[in-house]
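**Student:** Just the structure for this:
(chains A and B)
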Amino acid sequence: KNQVEQSPQSLIILEGKNCTLQCNYTVSPFSNLRWYKQDTGRGPVSLTIMTFSENTKSNGRYTATLDADTKQSSLHITASQLSDSASYICVVSDAYGNNRLAFGKGNQVVVIP
Amino acid sequence: EPEVTQTPSHQVTQMGQEVILRCVPISNHLYFYWYRQILGQKVEFLVSFYNNEISEKSEIFDDQFSVERPDGSNFTLKIRSTKLEDSAMYFCASASESTDTQYFGPGTRLTVL
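**Tutor:** Below you'll find the predicted structure:
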């Protein structure tokens, strides 16, 4: 069964600081990995999407990395802002098609002033 | 910027009643999805839809569930006889290609009493 595990489950960081979120997956064969941001009570919003050949991708202050050999990904948030408080979800798709996405439980980030 | 819309935002129903959740995907998208998220848990795949038929469905999507694209714009999820455990946030998503980013709607919160 395809699994996506994220850590830490939650963290609190001071505004302006950086943080890194981790994602490990067992999805095989791998197609792509996405990071979504989900505000409370809202739908997920795509941040990055990476295929097998991509090691890093940035979207503003968000930088995602991917190591397809170790099946690990990280999402780095630089100079955090209060609006970064959200759940960050790692989502992995297998190569059989993108119809089914495997979701992680999310990293709950709280940014405090 | 085009976005996925969902109605209603909240739906309260009695156990055993039928509910229809509505979604308007982004207009030029061809791939449509339903997900659900039980409070405090991760997002779960329900079903994908392409070319007027179901592409794939999860074990959650049993005979009580059905999807339909009744016209060129709407995409609906019907639950025939709701159960208490159907209470969740239901998200619709759409994509232009099967390997492309899926854009999520804001969700419908379903409460079954």
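**Student:** And for the residue most central in space within chain B, nearest residue in space, chain neighbours not counted?
**Tutor:** For chain B, the residue nearest the mean C-alpha position is B:W34 (3.4 Å; Cα atoms, centre = their mean). Computed as Cβ to Cβ, 6 or more residues apart in numbering or on different chains, the closest residue to B:W34 that is not its neighbour in sequence is B:L46, at 4.3 Å. Heads up, the C-betas are built off the backbone N, CA and C, glycines and all.
**Student:** Show me what the host helix or strand of the one you found packs onto, helices and strands only.
**Tutor:** B:L46 belongs to strand B:44-50 when assigned by DSSP states H and E. Judged by 3 or more Cβ pairs under 8 Å, 6 or more residues apart in numbering or on different chains; DSSP states H and E, strand B:44-50 is in contact with strand A:101-103, strand B:31-37, strand B:53-57, strand B:65-68, strand B:75-79.
**Student:** For the residue of chain B found nearest chain A, name its beta-bridge partners.
**Tutor:** Among all residues of chain B, B:F104 sits closest to chain A, at 3.4 Å; criterion: Cβ to the nearest Cβ. Beta-bridge pairing for B:F104 (DSSP bridges): B:A93.
**Student:** Please tell me the pLDDT value assigned to it.
**Tutor:** In this model, B:F104 is scored at 93, pLDDT.
**Student:** and if you look at A:N99?
**Tutor:** On the pLDDT scale, A:N99 gets 59.
**Student:** Same check on A:L14?
**Tutor:** The model's pLDDT for A:L14 equals 96.
**Student:** How about the contacts made by it?
**Tutor:** A:L14 makes contacts with A:S80, A:V111, A:I112, A:P113, as judged by Cβ atoms under 8 Å, 6 or more residues apart in numbering or on different chains.
**Student:** So in chain B, where's the weakest helix or strand by average pLDDT?
**Tutor:** strand B:53-57 (a mean of 90; mean pLDDT, DSSP states H and E).
**Student:** so it versus strand B:31-37, what angle?
**Tutor:** Here strand B:53-57 points in a direction 40 degrees away from that of strand B:31-37 (axes from the mean of the first three to the mean of the last three Cα atoms, to 10 degrees).
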